[in-house]
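In: Need a 3D model of the sequence below.
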Amino acid sequence: MTLQKGDFIEIEFTGRLKDGKVFDSNVKEELEKLHSGHGHEIEAKPFVLCLGEQMFLKSIDDFLTGKDIGEYEIELPPEKAFGIRSQKLIIKIPMKIFTEKKINPVLGEVFNFDGRIAKIISISGGRVIADFNNPLASKSVVYKLKVKRKIEDLNEKVKAMIDFLFKRDLDFEIKNEKIILRIESPMKQFAELFKDKFKKLFDRELEVEEIKEKPDEKTIKNHNNPYKH
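Out: Next up, the predicted model:
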């Protein structure tokens, strides 16, 4: 079964540095090694992606297109993995930004700045210096991949795309040749931007329904996994 652009597939993956150190995986045994000593049970979640939609690294997306279900290993140079470190991505941020959000910046911690991940590398007086380079920038990496199956169920495909776009579970149903997505009012306009994508992938119209808004969350928050693809 040759995999083609537009196919949804479930994969297991483990990413390592050239020295063998694991930085990301959805394989339970590797996750337990990666998070050993944290004192809680590690849950390995299935990962479903659509080929051609860059839901994983583009180089891996391209690599798997045309392959069959099975196991593979691929080595990626920095420019095809997480990029080359850039001095332009080391940015000074006024301390008042953190003060307004009631957040105390800590040297070495990783934060999410409105969707952009950065590490605090300096705190001095009224300014904070944050490094927005990916932690794996300028590093060659090796991925072990196992394509477990091709997804045929429409509900599973739609759920995977929603998880990818919104980074959380959302209520939806497929009814009368439509995909009905229920989301908080402030996110409605954003969700509607994906109508063309849903039409292309699923040949169904996306209808967005508003639901009661959830409490606001801080736009700057601690980010636990800076290595995530």
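In: In the chain, mark out all the strands, start to finish.
Out: Assignment of strands within the chain using DSSP state E yields the ranges 8-17, 22-25, 47-50, 71-76, 90-94, 110-113, 116-124, 127-131, 141-151, 171-175, 178-184, 205-211, 220-222.
In: Comparing the ones you listed, which yields the minimum mean pLDDT?
Out: Mean pLDDT per stretch puts strand 220-222 lowest among the strands of the chain, at a mean of 44.
In: Leu57 against Leu76, yeah?
Out: Yes. A contact is recorded between Leu57 and Leu76 when judged using Cβ atoms under 8 Å, the distance being 7.3 Å. In this view, the C-beta of every residue, glycine as well, is placed from N, C-alpha and C.
In: Let me see the domain layout of this structure.
Out: Under automatic domain parsing, the residue ranges defining each domain of the chain are 1-83+139-152, 87-132, 154-215.
In: wait, what's in contact with the residue nearest to Lys146 when sequence neighbours are not counted?
Out: Nearest residue to Lys146 in three dimensions, chain neighbours excluded: Glu12, at 4.3 Å (Cβ to Cβ, 6 or more residues apart in numbering). Contacts here follow Cβ atoms under 8 Å, 6 or more residues apart in numbering; on that basis Glu12 touches Asn26, Val27, Phe47, Leu145, Lys146, Lys148.
In: same thing with Ile129?
Out: Ile129 sits next to Ile90, Ile91, Lys92, Ile93, Ile120, Ile121, Ser122, Ile123 when contact means Cβ under 8 Å, 6+ apart.
In: Look up which residues are beta-bridged to the closest residue to the third one other than its chain neighbours.
Out: When the adjacent residues along the chain are set aside, Lys92 lies closest to Arg127, with 5.2 Å between them (Cβ to Cβ, 6+ apart). Residues in a beta bridge with Arg127, per DSSP bridges, are Pro94, Ser124.
In: from memory Arg127 sits against Met95, does it?
Out: Yes. The criterion here is Cβ under 8 Å, and Arg127 meets it with Met95 at 6.1 Å.
In: and the gap between Ile123 and Phe98?
Out: According to Cβ to Cβ, to the nearest Å, Ile123 stands 10 Å off from Phe98.
In: Overlap in contacts, these two.
Out: The overlap between the contact sets of Ile123 and Phe98 (Cβ under 8 Å, 6+ apart) consists of Pro105.
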